[in-house]
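>>> Structure here, sequence nowhere to be found:
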């Protein structure tokens with residue numbers, strides 16, 4: 001197994017954030033992978049995504065948003081978060097060379113990536129991968145967080161749990177459907193926002209994550225349609 005290498009990502013104006021670059025020997029794609037709101041790039045859930053994708057021939061660049069780099073618990077305002085996404089994607093493109101480049105992330109990180117893409121296309125990025133897109137706050141169902149997705153003109157893959165409290169399926173399914181052929185939704189039965197499943201489901205979290213990573217890696221290694 002390849003070992004993640006530490007990198008510094010230049011945000012401009014003398015500011016950097018940390019990154020972790022993991023490239024398997026026979027990589028066939030690369031994903032710029034942003035963390036969720038409450039846990040940084042080195043959290044076990046992020047490591048599991050990166051290591052699992054590496055086993056499936058996908059390189060990853062995990063990175064911190066500025067607030068996480070500074071040890072704050074308050075997520076950055078969207079313009080700052082989106083600038084970090086843009087810088088990380090540029091760094092990933094340099095590291096990946098000729099590998100097909102994708103971008104996305106866990107929860108908040110995925111949403112900030114899609115907002116960045118909607119505002120101004122990320123150079124070289126072929127598609128977006130969302131691990132548990134946060135459609136709405138827990139207990140406050142709504143779809144306004146998805147309004148910007150109509151401006152995203154590249155393919156999108158949504159990987160969601162059927163029990164995700166931040167994305168009720170009855171709301172998410174029509175949102176994805178309205179995006180047409182450029183969006184695909186994969187639902188993990190019985191999984192919550194962290195892709196955890198109850199024992200009574202007959203599966204365990206490891207099985208669920210493996211299935212999700214199989215879908216994500218296959219989608220990135222086979223160019224998605226328009």
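That came through fine. Note that the structure is predicted; figures quoted are calculated from it, not measured.
>>> hey, let's count contacts and neighbours off CA atoms from now on
Noted.
>>> Would you tell me which helix is longest in this structure?
Scanning the chain for the longest helix, with DSSP state H as the assignment, gives helix 78-96.
>>> so who does the residue most central in space within the chain touch?
Nearest to the mean C-alpha position of the chain, counting by CA atoms, centre = their mean, stands residue 105 at 1.6 Å. Contact partners of residue 105, counting by CA atoms under 8 Å, 6 or more residues apart in numbering, are 32-36, 111, 113, 129-131.
>>> Narrow those to those in strands?
Mapping the contacts of residue 105 onto strands (DSSP state E) picks out 32-34, 129-131.
>>> how about those residues, which pair is most distant?
32 and 131 (12.5 Å; CA to CA).
>>> Buried by neighbour count: which residues of stretch 52-71 qualify?
Judged by neighbour count (16 or more other CA atoms under 10 Å), stretch 52-71 contains these buried residues: 52-68.
>>> buried ones in the longest helix of the chain?
With the criterion 16+ other CA under 10 Å, helix 78-96 contains buried residues 80-93, 95-96.
>>> elements contacting it?
For helix 78-96, the helices and strands in contact under the criterion 3 or more CA pairs under 8 Å, 6 or more residues apart in numbering; DSSP states H and E are strand 5-12, strand 29-34, strand 58-63, helix 66-69, strand 101-106, helix 108-119.
>>> rerun at 7 Å
Using 3 or more CA pairs under 7 Å, 6 or more residues apart in numbering; DSSP states H and E as the contact criterion, the elements in contact with helix 78-96 are strand 5-12, strand 29-34, helix 108-119.
>>> contacting residues around the first one?
Yep, that's strand 5-12 we're talking about. The contact list for strand 5-12 (CA atoms under 7 Å, 6 or more residues apart in numbering) reads 16-22, 84, 87-88, 91.
>>> Then the last one?
For helix 108-119, the surrounding residues in contact (CA under 7 Å, 6+ apart) are 34-37, 78, 81-82, 85, 103-104, 130, 133-134, 148-149, 151-152.
>>> In ChimeraX, select just the buried ones from those residues.
In ChimeraX, this line selects whichever of those come out buried by 16+ other CA under 10 Å:
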select :34,35,36,37,81,82,85,103,104,130,133,134,149,152
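>>> end-to-end on stretch 34-43?
Distance across stretch 34-43, first residue to last, is 12 Å (CA to CA, to the nearest Å).
>>> What average pLDDT does it get?
Mean pLDDT, computed over stretch 34-43, is 95.
>>> go on, stretch 19-30?
Here stretch 19-30 scores 96 as its mean pLDDT.
>>> and if you look at stretch 68-87?
The predicted model assigns stretch 68-87 a mean pLDDT of 96.
>>> before we move on, what about stretch 140-153?
Stretch 140-153 shows an average pLDDT of 97 in the prediction.
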